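> next come a sequence and a model predicted from it.
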Amino acid sequence: MSFLACRKSFGIYINSIYNRRTSFLFSPGSPISHTTTETPSGPIRFSHSVSENHISPSRSPINRHGSHQIPLPSTPSVSEKPISTSGSPIFRREFSGFCSRAIPSSKNPCQFHQNPSILTPFQYFCTEAAVQHSTADGLTVEGIVTSNWPILDETESDWKSHAAAIAQSIHLIKKRLKWKKLVVRLDLLSMQLNKPDIWDDPVHAGKISREHGSLMGKMKAVRAFERELLEHIDMINLAREENDPEMESESLKALLRMRRNSKEKELQAMLSGEQDSCSCYIEVQAGAGGTESMDWAAMVMQMYKMWAQRRGYKVTVVDEMSGEIAGIKRATIKVDGEYAFGYAKAEVGVHRLVRISPFDSNKRRHTSFAAVAVIPISGDGSTHVQISDSDLRIERFRAGGAGGQHVNTTESAVRIVHIPTGISATCQNERSQHQNKASAMAVLQSRVDQLEMARQAQMNAQHTQSLTDITWGSQIRSYVLHPYRMVKDLRTSYEVSDPDSVLEGDLDGFILSYLSASLDKDEDGR
């Protein structure tokens, strides 16, 4: 078996035993037992026991890093048993064995931190965060960054250049995630989840569990990326020792793939807002320009549909009002997928098109405008504003446009107006009135929540109802098809000379540049 295969098999074996979502308190070399009770919605109860005969750090050897090297269990045991409870499947996982991580030494091994901002060796913590990954010769990601290895173009790079670029990306990702604060926050959430009465308040417990899962996922993703980088460096060194050019070539190709993938991971690291991971609604409204702008609005909506499909999101048309001659007056789509709102929020604003009009017989150049709004959909079903039935006015009418035998024969379309705010939502794309009402109500709830959040943050200008001046003054991006071809973001000055690819959904460059600029601005403002 090859070195890499052995290492990966060993890692899989250890992770399958120790790498649990929950955390526990232990001392070096301690035999432990750990029980986790889980439901489909997350863990409910946790219990652990540590042998009191193994709390002294002197019982385990000290390695060269000044840490206690804990022996691996010879016969660890893991069992999972179903528990009968009120019709819901609940499983209890039981683990027994020895702690397997290298824990920093301490004069007071039983110390438990009272101040969450001070990390001590013995506390509730995630084992992934406690481990400093390194190559066989002790090289770490931080060591690569401080070594200042030259970063060359992808086509000219050797393995050190690729490794340096990847290490820089990991360093940037940690900076954007506020890594130390993330670890501390994860510790606090783990302690809260360990409380026996946490699920007495299911709503609060659910929020804690979701946040814990989200932070844990981010941390594990970064750690896995680190491990992969260091493993490939080990493989390259081993290949050179054994004079195996094929193995070295494969590892070099893997580093190149990692380098290209690192940009996507940098982008995801920017999406740390409360609602960035949510699905969203994207609304497009035609502005000044008549038929020209209606046609342009349809092009913009198609651009977002193609962008969402590129990212693997599910797209559903919620509402659409066609123009008299061509295009659309307005339309709303629902984009389902992780981080849909985090990405799409970069598109909020007015988009301007300059082209030779296909509707002008004299072939003159025209300028058109379309406004884009993005509204998050709360992933946990929670709302910021409770809407009572007395605050709603529900209007029913026949759906317009092309349809089947049923769509235009009954009053299946629904418009719901929130009387206190004047916000409305319309849906006519479903086959039944009940389905249209449910979809319209979901859109209305999101819009009202958005307004309330904007009011609380004194940001009403960003709300969709404020997009009334869809003209020159509020544009964010310019699409020029004549006399030259270019798409330019006016906020970041990012531009491309291939408008066709952009209109076919290639928006990630614009999104990345905007999110990067926003992050830099936030950091400068602190």
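It's in.

> quick check: buried residues in the longest strand seen in the chain?
In the chain, taking DSSP state E as the definition, the longest strand is strand 365-377. Residues of strand 365-377 classed as buried by neighbour count (16 or more other CB atoms under 10 Å): 366-377. Placement of C-beta: from N, CA and C, glycine included.

> packing partners of that strand?
Contacts defined by 3 or more CB pairs under 8 Å, 6 or more residues apart in numbering; DSSP states H and E place strand 365-377 against strand 279-286, helix 291-310, helix 340-344, strand 349-356, helix 433-456.

> can you give me the mean pLDDT across the helix or strand just after the second one?
Right, the one you point to is helix 291-310. Moving toward the C-terminus from helix 291-310, the next helix or strand (DSSP states H and E) is strand 314-322. Average pLDDT, strand 314-322: 91.

> can you tell me the strand partners of strand 314-322 and which way each runs?
strand 328-336 (antiparallel) (DSSP bridges).

> and the partner strand, which residues are buried?
328-335.

> can you map out the helices along the stretch 101-250 of the chain?
Here the stretch 101-250 of the chain has its helices, by DSSP state H, counting those that start in this stretch, at 127-130, 141-147, 159-177, 179-194, 202-241, 245-269.

> list the buried ones in the third one?
Residues of helix 159-177 classed as buried by neighbour count (16+ other CB under 10 Å): 159-174, 176-177.

> and it, what other elements does it pack with?
Using 3+ CB pairs under 8 Å, 6+ apart: helix 159-177 touches helix 141-147, helix 202-241, helix 245-269.

> run through who's touching the first one.
The one in question is helix 141-147. 133-134, 163-164, 167-168, 170-171, 226, 229-230 (CB atoms under 8 Å, 6 or more residues apart in numbering).

> rerun that using 7 Å as the cut-off
163-164, 167-168, 170-171, 226, 229 (CB atoms under 7 Å, 6 or more residues apart in numbering).

> ok, the last one next?
Among residues not part of helix 245-269, those counted as contacts by CB under 7 Å, 6+ apart are 154, 159, 162-163, 165-166, 169, 172-173, 176-177, 225, 228-229, 232, 235-236, 239-240, 339, 512, 515.

> quick one: mean pLDDT for it?
Mean predicted confidence for helix 245-269 is 89.

> now do it and helix 159-177, the angle between them.
20 degrees (axes from the mean of the first three to the mean of the last three CA atoms, to 10 degrees).

> what is the mean pLDDT for stretch 205-220?
Rounded mean pLDDT across stretch 205-220 is 88.

> same check on stretch 145-165?
So the average pLDDT for stretch 145-165 ends up being 89.

> next one: stretch 494-511
pLDDT averaged over stretch 494-511 gives 95.

> can you count the residues close to the closest residue to residue 198 other than its chain neighbours?
Distances taken as CB to CB, 6 or more residues apart in numbering place residue 205 nearest to residue 198, at 4.9 Å, with adjacent residues excluded. Using other CB atoms under 10 Å, residue 205 is surrounded by 20 other residues.

> quick one: low-confidence parts of this structure?
By pLDDT under 70, the weakly predicted segments of the chain are 1-131, 379-384, 400-410, 453-473, 520-526.

> per-domain residue ranges of it.
1-20+124-269, 24-115, 279-525 (automatic domain parsing).

> follow-up on the earlier one: now the buried residues of strand 365-377 as TSV including distance to residue 268?
Output for the buried residues of strand 365-377, formatted as TSV (distance: CB to CB, whole Å):
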residue	distance to residue 268
366	39
367	36
368	33
369	32
370	28
371	27
372	22
373	23
374	18
375	21
376	17
377	19
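
> circling back to that earlier point, run through who's touching the helix or strand following the longest strand of the chain.
For strand 365-377, the following helix or strand on the C-terminal side (DSSP H and E) is strand 392-397. Here strand 392-397 makes contact (CB under 7 Å, 6+ apart) with 411, 413-419, 433.

> are any of those buried, and which?
Neighbour-count burial (16+ other CB under 10 Å) is assigned, among those, to 413-418, 433.

> give me phi/psi at residue 480?
phi -110, psi 120 (degrees, to the nearest 10).

> deepest-packed of the helices of the stretch 101-250 of the chain, please.
Neighbour counts averaged per stretch over the helices of the stretch 101-250 of the chain are highest for helix 159-177, at a mean of 21; criterion: mean count of other CB atoms under 10 Å.

> now the angle between helix 179-194 and that helix, please.
60 degrees.

> tell me the angle helix 159-177 makes with helix 202-241.
Using the same axes, to 10 degrees: helix 159-177 against helix 202-241 is 170 degrees.

> re earlier: how about JSON lines for the contacts of helix 141-147, with distance to residue 504 added?
Converted to JSON lines, the contacts of helix 141-147 look like this (distance: CB to CB, whole Å):
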{"residue": "163", "distance to residue 504": "34"}
{"residue": "164", "distance to residue 504": "34"}
{"residue": "167", "distance to residue 504": "34"}
{"residue": "168", "distance to residue 504": "31"}
{"residue": "170", "distance to residue 504": "32"}
{"residue": "171", "distance to residue 504": "34"}
{"residue": "226", "distance to residue 504": "35"}
{"residue": "229", "distance to residue 504": "33"}
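
> which of those lies closest to residue 496?
Distance to residue 496, by CB to CB, is smallest for residue 168 among those, at 24.5 Å.

> could you check how far that closest one is from residue 142?
Relative to residue 142, residue 168 is positioned 11 Å away (CB to CB, to the nearest Å).

> what touches both of the two?
In contact with both residue 168 and residue 142: no residue, using CB under 7 Å, 6+ apart.

> quick one: the helices in the stretch 401-526 of the chain?
Using DSSP H, counting those that start in this stretch, helices in the stretch 401-526 of the chain cover 433-456, 499-503, 508-525.

> name the helices or strands packed onto the shortest one?
Contact analysis of helix 499-503 by 3 or more CB pairs under 7 Å, 6 or more residues apart in numbering; DSSP states H and E lists strand 486-489 as its packing neighbours.
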